[in-house]
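J.: Quick one: sequence plus predicted model below, questions after.
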2 protein chains.
Amino acid sequence: MFSPQTYQHRRDTLQMKVGSGLILLLGNTENPINFEHNTYPFRQDSTFLYYFGIKAANIAAVIDIDNQRTIIFGDELNMDQIVWMGRQETLKEKCDQSGVQTSMPFSALQPFLHSASKAGQQIHYLPPYQSFNKIVISDLLGIAIKNINPSPSLIKAVVSQRSIKEQQELEEIEAALKVSVDMHLLAMKFTKPGMMERDIANAIQHHAANHGSPLAYPPIVTVHGEILHNSYKLNILKQGDMLLNDSGAETALGYAADLTRTFPVGANFTTQQRELYDVVLHSFYAARELLSPEITFKEVHLSACERLVEGLIALGLMKGDPKEAVRQHAHTLFFQCGLGHMMGLDVHDMEDLGEQYVGYTEEEPKDTRTFGLKSLRLGKKLAPGFVLTVEPGIYIIPELIDRWQAENKLSDFINYDKLRTYRNFGGIRIEDNFVITESGYRQLGPELIKTAHEIENFRKDYVS
Amino acid sequence: MFSPQTYQHRRDTLQMKVGSGLILLLGNTENPINFEHNTYPFRQDSTFLYYFGIKAANIAAVIDIDNQRTIIFGDELNMDQIVWMGRQETLKEKCDQSGVQTSMPFSALQPFLHSASKAGQQIHYLPPYQSFNKIVISDLLGIAIKNINPSPSLIKAVVSQRSIKEQQELEEIEAALKVSVDMHLLAMKFTKPGMMERDIANAIQHHAANHGSPLAYPPIVTVHGEILHNSYKLNILKQGDMLLNDSGAETALGYAADLTRTFPVGANFTTQQRELYDVVLHSFYAARELLSPEITFKEVHLSACERLVEGLIALGLMKGDPKEAVRQHAHTLFFQCGLGHMMGLDVHDMEDLGEQYVGYTEEEPKDTRTFGLKSLRLGKKLAPGFVLTVEPGIYIIPELIDRWQAENKLSDFINYDKLRTYRNFGGIRIEDNFVITESGYRQLGPELIKTAHEIENFRKDYVS
């Protein structure tokens, strides 16, 4: 945990931003796998971690702005539970570490909120994403689940705080990146033709676990890099394949890393692979250099797209004017998703609070209709302290090509004939994590080899 | 998956047992970790697996007994989802493998149930354990969550079927045991003083994952074996400690194994450790020999307790008449829990359906008040085809001893003075899995070394 003062200070700021009423923050519960007492590893809610740092399940907190008091609601272990689960840190001790003076049994929360509500206090709460907490809110406030109505002013206040990372948060993210870089190097050492995708996924998970880190998200480890959300891991790696490894660790305090590398299953990229790899890499470099508080991430995204198109034109896969191609979204046949997203206590930071608040503004809302832009999670102006990913890619998706070609879509920009020879190409993504500074950006974590040459040079000692 | 005929046959039997009305079975959903789209590994509901074998999320099934039709409700991927997630087996293909002819969109389920209800059909459903499915049932049936009212006749029918394992189910459990035995041997090879508990837990998890098996439950790997439900794994192993490893794998079809071994962190047990180890082992052997369709598991449990007491008397930790000691529950200072439980698609098989149905009968209900017996999950008469664990143990719990001693509780049976020298002893458990046969029992899976001699002999090659 950070110091009690850290949490106290964050809560003070939150109170000031919200102004009045009462803030209800729910911790997470244990999630059953196949029956109530067989549960997944517990993960505390990120906003709860941010303001309290307490990792116990089934606790909630009230920050009563009007009456200047903060209370944790939760239950101490009884003697039977101590016999079964061992003596553990008490809730009282946890509250002390969080700088909270008052705790009450969880059962006191409903009457507490009832009184506050009768006294005319507004109860602010965040959108629940776990079904359990939807039921909890419904029960606590006596409203139907469909009438749950999170507080925009609370959401905005939380987003404004969590978006700007403190120095100690950056250190956490860099600690997550240190483990993650080693995971990626391990994958590059370990991968050989004949293995299954899951062998590599398991090895990196094992490495992270041995460093006390869960993975921040289910890793994507696949020879089908063109499948953007791929959980299948039973393909056998073959000479000539590329392996895309998108994986990152999480620190004990909950901070994420999110890295992607794509490398040959054999010792070397094929010429075709290396050519497209360099297109993605140049797009990555170009996007990285634009990072600064002077620009919106949408501009960075579109600029990266233009660099991809230029490279694809040079290889004969696209044609025409790059700017006009991007304006007409022709690049989305190759790059269907967004260039990156905020990162912090969540790998897609604060995704539970809503993209319209985290990645966009009321003045410049998200384009939710255009293929490509509708998958861009972050579009707004960057600010010092933002932590984000940059992750351009090229994805050759046969189903999408077939659909476009059947409509002869944007054929002024796409060389469908040439594309035929790339049909089984797969996908490439390169991803690092950055913090925006006053003057530009700083890459977070240790440098992880990235050029085709560096990767081939590293791989040659491990695979023939 | 098993054959379509297997699932069809199981459903036919279920229909016959329930008799009339309509059976609604819900599959599980993806569970969010820290935001909606960052999810834990998906695990299908076990009863859904039993009757359909389909592993997709967000599907439900209706077995309409009155109208002799079975329908799967769920949604095929749309083109956008195929672009994002790759082409996958369709719901239609999954239904074919399950022997189900009809599928409908999930949105058709609510009106379907509404019509059935209006037509006077009784809708049978099971108790939901995932909060998501509590909300689903509430929405589907238009009832408050607190009014969810599972069908006892459906529960009893499912329990009666799932309790008696088919040959192909036994083979699955034995496959889970094969991986699990190797996990335990790996732990016994790998463990050395200076390691952290989690190093061993991670190694066995990695082994299981490389065999395509998730763990059937969060493993207990601890030098504090006396803490029955222990998830803390940061203790450093020291020469002189024992490590208790309670872990088992799950097959791709969902069948569990559940094994426990306790072994010295160094090469050898201490004399004190070995003496108590042998007490537990003799109790284990005695219990095992009683397994048959002629006996209740409660009798086996109490008999195992008596053997523990006899051993503890021989060592001077208890005194008096063993039978009387057990009658007065004096053994529960050392063995606070139950001797075992049913096992199958769940490690605590069908725990979601209710212990009163799975482990007991209306005629002989569970003793829910007596310390010890209230933790015995299985008490009823055994029957051929039951699969269960036998897992006696001795747990020296300082907090419990202090409480008893303060009350001078059962001091006719407990030598509190002698016990003082065991205060930091820890805990020992030995656990294997069995199927009840017509004539007695058969141990499932490969034999895993169990005697102190076997364990020390095995360990000597790996640790000095």
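T.: Arrived safely. Numbers count the residues shown, from 1 in each chain, chains lettered A, B, ... in the order given.

J.: thought A:Phe2 was touching A:Tyr51?
T.: No - counting by C-beta atoms under 8 Å, A:Phe2 does not reach A:Tyr51; the two are 10.8 Å apart. In short, each C-beta sits where N, CA and C put it, glycine included.

J.: What lies in contact with stretch A:81-98?
T.: Outside stretch A:81-98, the residues that touch it by C-beta atoms under 8 Å, 6 or more residues apart in numbering or on different chains are A:1, A:4, A:7, A:52-54, A:56, A:59, A:72, A:74-77, A:101-103, B:224, B:227-232, B:336, B:397, B:399-400.

J.: Tell me the buried residues in stretch A:132-148?
T.: A:132-138, A:140-141, A:145 (16 or more other C-beta atoms under 10 Å in any protein chain shown).

J.: how about CSV for those residues, with distance to B:Gly311 and pLDDT added?
T.: As requested, the buried residues of stretch A:132-148 are exported to CSV (distance: C-beta to C-beta, whole Å; pLDDT from 0 to 100):
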residue, distance to B:Gly311, pLDDT
A:Phe132, 44, 98
A:Asn133, 48, 98
A:Lys134, 51, 98
A:Ile135, 48, 98
A:Val136, 47, 98
A:Ile137, 53, 98
A:Ser138, 53, 97
A:Leu140, 51, 98
A:Leu141, 56, 97
A:Ile145, 55, 96
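
J.: Of those, which is the nearest to chain B?
T.: Within those, proximity to chain B (C-beta to the nearest C-beta) peaks at A:Phe132, which comes in at 4.1 Å.

J.: which residues sit in contact with the closest residue to the closest one other than its chain neighbours?
T.: Closest residue to A:Phe132 apart from its sequence neighbours, by C-beta to C-beta, 6 or more residues apart in numbering or on different chains: B:Ser131 at 4.1 Å. Contact analysis of B:Ser131 by C-beta under 8 Å, 6+ apart lists A:130-132, A:134-135.

J.: The helix or strand where A:Asn457 lies - contacts with which helices or strands?
T.: Take DSSP states H and E as the rule and A:Asn457 turns out to sit in helix A:452-459. Contacts defined by 3 or more C-beta pairs under 8 Å, 6 or more residues apart in numbering or on different chains; DSSP states H and E place helix A:452-459 against helix A:167-190, strand A:259-264, helix A:271-290.

J.: among the ones you listed, which is nearest B:Glu197?
T.: helix A:167-190 (19.4 Å; C-beta to C-beta).

J.: relative to strand A:259-264, how tilted is the closest one?
T.: 10 degrees (axes from the mean of the first three to the mean of the last three C-alpha atoms, to 10 degrees).

J.: so helix A:167-190 versus helix A:452-459, what angle?
T.: Helix A:167-190 runs at 60 degrees relative to helix A:452-459, counting by the same axes, to 10 degrees.

J.: how about the residues of the stretch 51-200 of chain A that lie near chain B?
T.: Contact residues (C-beta under 8 Å from any C-beta of the partner chain) of the stretch 51-200 of chain A with chain B: A:79, A:82-87, A:129-132, A:134-135, A:145, A:198-199.

J.: which ones among these are found in helices?
T.: By the criterion of DSSP state H, membership of these in helices covers A:79, A:82-85, A:131-132, A:134-135, A:198-199.
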